[in-house]
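S.K.: here is my input; please provide its structure:
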Amino acid sequence: MTQIYNWLYEYISPIFGYIMLGIYKLIGGFGGYGFALILFTIFARCLMLPTAITQLKGMAKQQRLAPKIRRIQERYAGNQQKIQEETQALYQRESYNPMSAGCLPMLIQMPLIIGLFGVMYNPLRYALGIGVGEIETITNIFKEVASASSNSDLSSLVASKANERYYPMYIIQHFSEIKSALVQSGEVSASTIGAIEEFVADKKFELFGLQLGVKPSYKTPNIYWAIPILSGLTSLFQSVLMQAQQKKANPAMASNPASGCMTIFMPLMSVYFTFLFPSGIGVYWIVSNIFSTVQSSVIKKLNGPQREIAKLMIKETAERRSRENSIKRTVDYKK
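M.R.: Numbers count the residues shown, from 1 in each chain. Okay, the predicted model is just below:
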């Protein structure tokens, strides 16, 4: 599993990274990396639009099949095995995959999300356009300075290998503490040092006064708590909206206690994870939640379950008539 994650991270991140770099250059650095990150998140969510539409169509078909499923449950009440067998047979006849209304679209998104993480972790490469080799040199100097620093906040950043992917963020965050070492090394070009210095001085790595490389601390309440709180609230709103849509599609499934637990569990997990990652990742989750909620509402309005059900009914009627005509032709031929 780790190998798959690393492969996706290594090969998908650069693809999205050059798009991020293009967005940052297109806006001329306006609003800094944070604003570019918001635009990039919206772009990424638009890429995932087909999975959102697939999920909506799956929910529409689920809603269409709900009465038939209820009849199966009533007919074979108390015989769970028979209910499962008949339900699966119904799904096969209707060419319906329950995953299309639930987990499958989310699973399809995972490679994209892993690639997005790689983009957000590396503003040196995907905002400033610094080469991989020079970033590696800067990183080595950063590790040397941080390891020898008496500043516990700085030295703790290199104490764990788990933080290695965040180094480009930390380099920007602590640039003033490593600048002299970069200059003295003679291994980093003056133009690169100047570009990073300007990026930091112009607060390009901030959003509404928040450093995107700072990780919110659950031990110390401060302004950075706004990131996990907003992430949790937007995730909760999205979960409640999805729960309401599922209730319409399949009341039996929506009334399942496990479904209600997930409505609470996902926002709590969102809060937990945003405490584990730098604030830039939290910004991605917040914008993604908001955009997904708006996107879902628009798709539902333009191409909602009722319209999809109508399309399915038309299709089923056409298929039924086709079968009836085929049978009639066969009978007439035999006569």
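
S.K.: output the below-cut-off pLDDT ranges for the stretch 1-150 of the chain.
M.R.: Applying pLDDT under 70 to the stretch 1-150 of the chain flags residues 1, 59-60, 97-109.

S.K.: off-centre distance for the helix or strand hosting Phe273?
M.R.: Taking DSSP states H and E as the criterion, Phe273 maps to helix 257-276. Offset of helix 257-276 from its chain centre (Cα atoms, centre = their mean, to the nearest Å): 15 Å.

S.K.: okay, buried residues for that helix please.
M.R.: Of all the residues in helix 257-276, those buried under the rule 16 or more other Cβ atoms under 10 Å are Ser259, Thr263, Pro267, Ser270, Val271, Thr274, Phe275. Quick note: C-beta positions are derived from backbone N, CA and C, even for glycine.

S.K.: contacting residues for the closest residue in space to the fifth one that isn't next to it in sequence?
M.R.: Using Cβ to Cβ, 6 or more residues apart in numbering and skipping the chain neighbours, the partner closest in space to Val271 is Gly232 (4.0 Å). By Cβ atoms under 8 Å, 6 or more residues apart in numbering, the contact set of Gly232 is Pro267, Leu268, Ser270, Val271, Thr274.

S.K.: just the CA coordinates for the helix or strand in which Gly232 is found, please, in PDB.
M.R.: Here Gly232, judged by DSSP H and E, is contained in helix 226-249. Below are the C-alpha coordinates for helix 226-249, written out as PDB (Å, rounded to 0.1, in the frame of the first residue of the first chain):
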ATOM      1  CA  ALA A 226      -9.800  28.200  12.600                       C
ATOM      2  CA  ILE A 227      -8.600  25.700  10.000                       C
ATOM      3  CA  PRO A 228      -9.700  22.500  11.700                       C
ATOM      4  CA  ILE A 229     -13.000  24.100  12.900                       C
ATOM      5  CA  LEU A 230     -13.900  25.300   9.400                       C
ATOM      6  CA  SER A 231     -12.800  22.000   8.000                       C
ATOM      7  CA  GLY A 232     -15.100  20.200  10.400                       C
ATOM      8  CA  LEU A 233     -18.100  22.500   9.900                       C
ATOM      9  CA  THR A 234     -17.900  22.400   6.100                       C
ATOM     10  CA  SER A 235     -17.500  18.600   6.200                       C
ATOM     11  CA  LEU A 236     -20.500  18.300   8.500                       C
ATOM     12  CA  PHE A 237     -22.700  20.400   6.200                       C
ATOM     13  CA  GLN A 238     -21.600  18.300   3.300                       C
ATOM     14  CA  SER A 239     -22.300  15.100   5.200                       C
ATOM     15  CA  VAL A 240     -25.800  16.300   6.300                       C
ATOM     16  CA  LEU A 241     -26.600  17.300   2.700                       C
ATOM     17  CA  MET A 242     -25.500  13.900   1.400                       C
ATOM     18  CA  GLN A 243     -27.500  12.100   4.100                       C
ATOM     19  CA  ALA A 244     -30.600  14.000   3.000                       C
ATOM     20  CA  GLN A 245     -30.000  13.000  -0.600                       C
ATOM     21  CA  GLN A 246     -29.500   9.400   0.400                       C
ATOM     22  CA  LYS A 247     -32.700   9.500   2.500                       C
ATOM     23  CA  LYS A 248     -34.700  10.400  -0.600                       C
ATOM     24  CA  ALA A 249     -32.900   7.800  -2.700                       C
END
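
S.K.: what angle sits between it and helix 257-276?
M.R.: Calculated by axes from the mean of the first three to the mean of the last three Cα atoms, to 10 degrees, helix 226-249 forms an angle of 160 degrees with helix 257-276.

S.K.: would you format the buried residues of helix 257-276 as a markdown table with distance to Phe208 and pLDDT included?
M.R.: A markdown table is the format used below for the buried residues of helix 257-276 (distance: Cβ to Cβ, whole Å; pLDDT from 0 to 100):
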| residue | distance to Phe208 | pLDDT |
| --- | --- | --- |
| Ser259 | 35 | 56 |
| Thr263 | 29 | 75 |
| Pro267 | 22 | 87 |
| Ser270 | 20 | 87 |
| Val271 | 19 | 91 |
| Thr274 | 16 | 89 |
| Phe275 | 19 | 91 |
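
S.K.: of the residues you listed, which is the nearest to Leu210?
M.R.: Comparing the buried residues of helix 257-276 against Leu210 with Cβ to Cβ picks out Thr274 as the nearest, at 12.3 Å.

S.K.: if I look at that closest one, how far off is Ile19?
M.R.: 24 Å (Cβ to Cβ, to the nearest Å).

S.K.: which helix or strand contains Gln84?
M.R.: helix 80-93.
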